[in-house]
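Enquirer: Dropping a prediction and its sequence here:
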Amino acid sequence: MANAGINGDKHKVARQSAAAPDTSPKKVMVEEQSFVSGLSVYLSGLHADRIERSAKGEDCEIKLVFRP
């Protein structure tokens, strides 16, 4: 009977670890967010002569135009 309790505990642990998905942020996503944040700060300090923008579906484009 004592072995049945030990085996039952092993099965419970296996089920718990399999049921908990990895929700930690991926390294690539963190690096991308850091890049976008740094780029946004840099671009907000620029004074373009003209800004052109467009969007199609989920894609967007922002074009900063500077006079020579």
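Expert: That came through, no problem.
Enquirer: just for the chain, where's the confidence low?
Expert: For the chain, the stretches with pLDDT under 70 are 1-20, 23-30.
Enquirer: go again using 90 as the cut-off
Expert: Confidence mapping of the chain against pLDDT under 90 gives the ranges 1-48, 62, 64, 66-68.
Enquirer: hmm, who's touching the helix or strand encompassing S40?
Expert: Under the criterion of DSSP states H and E, S40 resides in helix 27-44. The contact list for helix 27-44 (CB atoms under 8 Å, 6 or more residues apart in numbering) reads L64. Glycine gets a C-beta too; all of them are placed from N, C-alpha and C.
Enquirer: same deal with stretch 60-68?
Expert: Contacts of stretch 60-68 from elsewhere in the structure, counted by CB under 8 Å, 6+ apart, are L43, L46, A48, D49, R50, I51, E52, R53, S54, A55.
Enquirer: Try it again at 7 Å.
Expert: With CB atoms under 7 Å, 6 or more residues apart in numbering as the test, stretch 60-68 has contacts from L46, A48, D49, R50, I51, E52, R53, S54.
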